[in-house]
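# what follows is a predicted protein model with its sequence.
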Amino acid sequence: MLDLDPAFEALKTFDYGMDRHVLDSIDGAAVTTRNDPAARKDLESRLVAVLPSTAPHDAKDFVCRVLRIVGTADAVPALEALLADADISHMARYALERIPDPKAGQALERQLRAVSGPLKIGIIGSLGTRGEGVSSLRPLLLDPDEAVARAAAIALGHIGSADASKALSATKPTPALAAIFANASLECGEKLLKAGHAKEAKAAYQALLRGTPSPIVRAAAERGLKASEPA
Amino acid sequence: MTDKKSSPNPLQTNRRDFLKAAGLASTALALPAFVPASVLGRGAAVPPSERIIVGGIGLGNQGGSDFGSFLGRQQVQYVAVCDVRKNVRDGKKGQVDQKYNSKDCVAYNDFRELLAREDINAVHVATPDHWHTLVVTEACRRGKDVFCQKPETLTLREGPIMIEHARRYDRIVSGGSQRVLEDYRGQLSQAWGGKYGKALAINVITNNLSHTCNLPAEAVPEGFDWEMWLGPAPWAPFNSKRCDGNFSTVENSWRSYWDYSGGEITDWGAHHFGGATLVVDVRDLQPQEVIYHPAEGGHKPHLEFVYPNGIRITHCKPGKQNMEVDSDEKNPIAAKAIPAYKGQGSIIGDFLYSVRSHEKPFRDIEQAVNTMALCHLGTIAYRLQRSLKWDAARQTFPGDAEANRLTDRARRQPWQV
């Protein structure tokens, strides 16, 4: 059994410029504890304890990287608490985005309402990657912050569900966002078609063609529409 | 120049503007007594109106080399450069302006501004790997054809996203390894020539994976947009060795560091695995299984990638050389024609040919992504120190939540692919 005490002691003051190898045993434990639930739980607990501490940014950065691999629902509250902190929010998402437990997505959705600007955009991106949060993302398509609306469109495109597609088709974007909204709708069409939902895919393409798409979008939508027709 | 078939962004150059820039025309297009043959399209030169309008994004070590290749071609009109280092982009602009005897080349810090130009037909991309997908997908949405350096992707999830964008917008997107075709001719002849029987397996050797970077903070140099260099990667303080574009994959180069690169398994893996998939002809496939062989008898761990058709690609198999082919000599096969570039002059010539013809390039992005899948699957197997099953159709590790965590990584706000 690896002795992780020296590494965790080093972690308390770990900062840029220090020898990264002092933490190798923790990296190793992320793999070797895979089949030892008690050791894995202990590892996670010790990592999570660093997050609210006064350890430097680099230490918390490292912790989030390991939690990306070993984090469970137990790590979610401590990670959620960092989402509104501009210095470490991204690394909290670095872990949360990859934790499969639904509690991770729920934490992201909760903080979506609490933050604004770039932090909000980051959380939107993570929800899109997880494929979650359509009901929270839908109203953001009309957010007065165009960057937020843009992020919401991209995320809904990645989710690619019928509800996501309808939300996009039902929203008239500002001219500056037309291309990204169209891209998201096209992505939804492709995902729906691949999932066997030709009718919903066709609706997405038809909605695009009813507007005034750019030539490149029109061509893409026409190809998509053709693909969604019965053979 | 005729419009490209099925493309809404045909190659167009305003010849009047070109002549004006060359100092050869007034609004009445009065020409001096002597007109260079190149302008009239004589000899081997391509008339300006038929040139492919090109911009370059990421112009460091490799990007600078690609820049020279593109700029030196008669069928290219180079109009824009982009790099987050002012000295680099200004230097390249100077070279372009000198070639054309004009001041028309525009230098950009932000790739989005370059890609928003409607006159540009194609771009070449050689940013660090963590930027590739963001730039290529934006380029596709803007109707540009793209030559993207290898390694084309940083994560497994990025591959399908790149392919989707290329197909959605009917763009030519070429990956960047010239070594895939050019470096392994002997093995290609052996395997494709039918002389040595059916290829069963091939071995690839690369060394280290990338690792985290903990270099200390340094002052950001004047004219270096560090925020933009980092982009979607985690924030870290500037250090000249962190972002150095030298070709080391061990230390003191971005190629060494996890946030920007996969290390040698991607940096050279893109070449060797790419060549291997061509030699044993699995370019259109991804493996269904990665078998991890732990360290034993003084040998490091090694991998076996198993393809649906039974072909195996091994990584660092003890006793095997790089690109060593195992064949079934008792099972002869008919010789088949080895794929070749179209156009003139290596992989870039092939790309430019594809831009004109709208045929898929030799290193179509889908085949490049299939190569990168080997690199990323291998990385995950090594990091987790175990075997993996891979569902290429769904792009997931079936029933393997731990491995699925590693198919992508959260991007720093405000960046999203």
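That came in fine, so what should we check first?
# quick one: secondary structure of whatever residue of the stretch 201-350 of chain B ends up closest to chain A?
Nearest residue of the stretch 201-350 of chain B to chain A, counting by CB to the nearest CB: B:P216, 3.1 Å away. All C-beta spots, glycine's among them, are computed from the backbone N, C-alpha and C. Using DSSP: H, G, I helix; E, B strand; the rest coil, the secondary structure recorded for B:P216 is coil.
# what about stretch B:192-205, distance to the chain center?
The chain centroid and the centroid of stretch B:192-205 are separated by 26 Å under CA atoms, centre = their mean, to the nearest Å.
# number of nearby residues for the nearest residue to the residue of the stretch 201-350 of chain B closest to chain A once chain neighbours are set aside?
Distances taken as CB to CB, 6 or more residues apart in numbering or on different chains place A:G17 nearest to B:P216, at 3.1 Å, with adjacent residues excluded. For A:G17, the neighbour count with other CB atoms under 10 Å in any protein chain shown is 13.
# so for the top helix by length along chain B, what gets flagged as buried?
As assigned by DSSP state H, the longest helix anywhere in chain B is helix B:365-384. Neighbour-count burial for helix B:365-384 flags B:365-382, B:384 (criterion: 16 or more other CB atoms under 10 Å in any protein chain shown).
# now do stretch A:207-214
Neighbour count says stretch A:207-214 has A:A207, A:L208, A:G211, A:P213 buried, by 16+ other CB under 10 Å.
# and the closest residue to chain A within the stretch 51-200 of chain B, how many neighbours does it have?
Chain A sits closest to B:G143 of the stretch 51-200 of chain B, with a gap of 4.8 Å, by CB to the nearest CB. Per other CB under 10 Å, the neighbour tally for B:G143 reads 21.
# shouldn't it be in contact with B:R171?
Yes. Using CB atoms under 8 Å, B:G143 is in contact with B:R171, at 7.4 Å.
# return the residues of the stretch 201-350 of chain B in contact with chain A.
B:H211, B:T212, B:C213, B:N214, B:L215, B:P216, B:A217, B:P234, B:W235, B:A236, B:P237 (CB under 8 Å from any CB of the partner chain).
# and stretch B:178-192, average pLDDT?
Mean pLDDT, computed over stretch B:178-192, is 91.
# give me the residues contacting it.
B:195-196, B:199, B:202, B:271-272, B:274-276, B:278-281, B:323, B:325, B:327, B:335-341, B:346-347, B:362-363, B:371 (CB atoms under 8 Å, 6 or more residues apart in numbering or on different chains).
# mind listing what's buried along that stretch?
Within stretch B:178-192, judged by 16+ other CB under 10 Å, the buried ones are B:Q178, B:R179, B:V180, B:L181, B:D183, B:Y184, B:Q187, B:L188, B:Q190, B:A191, B:W192.
# okay, it in CSV with CA atoms only?
The C-alpha trace of stretch B:178-192 is given here as CSV (Å, rounded to 0.1, in the frame of the first residue of the first chain):
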residue,chain,number,x,y,z
GLN,B,178,3.6,13.9,-45.0
ARG,B,179,5.4,10.9,-43.5
VAL,B,180,2.4,8.6,-43.7
LEU,B,181,3.0,8.2,-47.5
GLU,B,182,6.6,9.3,-47.8
ASP,B,183,8.5,7.6,-45.0
TYR,B,184,7.4,3.9,-45.2
ARG,B,185,7.6,3.1,-48.9
GLY,B,186,9.5,-0.1,-48.3
GLN,B,187,6.8,-1.5,-46.0
LEU,B,188,4.1,-0.2,-48.4
SER,B,189,5.6,-2.1,-51.3
GLN,B,190,6.0,-5.2,-49.2
ALA,B,191,2.4,-5.2,-48.0
TRP,B,192,0.6,-3.8,-51.1
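# contacting residues for the most centrally placed residue in chain B?
Nearest to the mean C-alpha position of chain B, counting by CA atoms, centre = their mean, stands B:Q149 at 2.4 Å. Counting by CB under 8 Å, 6+ apart, B:Q149 makes contact with B:G58, B:Q62, B:G63, B:D66, B:H124, B:V125, B:A126, B:H132, B:G176.
# hang on, the earlier thing: how about the buried residues of stretch B:178-192, which pair is most distant?
B:Q178 and B:Q190 (20.5 Å; CB to CB).
# gap between the residue lying closest to B:R405 once chain neighbours are set aside and B:I365?
In this structure, B:R405 finds its nearest non-sequential neighbour in A:R98, 4.2 Å apart by CB to CB, 6+ apart. Between A:R98 and B:I365 the computed distance is 25 Å (CB to CB, to the nearest Å).
# then B:T371?
10 Å.
# show me the common contact partners of those two, please.
B:G175.
# on that earlier part again, TSV for the buried residues of stretch A:207-214, including pLDDT, distance to A:H197 and secondary structure?
Shown next, in TSV, are the buried residues of stretch A:207-214 (pLDDT from 0 to 100; distance: CB to CB, whole Å; DSSP: H, G, I helix; E, B strand; the rest coil):
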residue	pLDDT	distance to A:H197	secondary structure
A:A207	97	15	helix
A:L208	97	16	helix
A:G211	93	21	coil
A:P213	96	22	coil
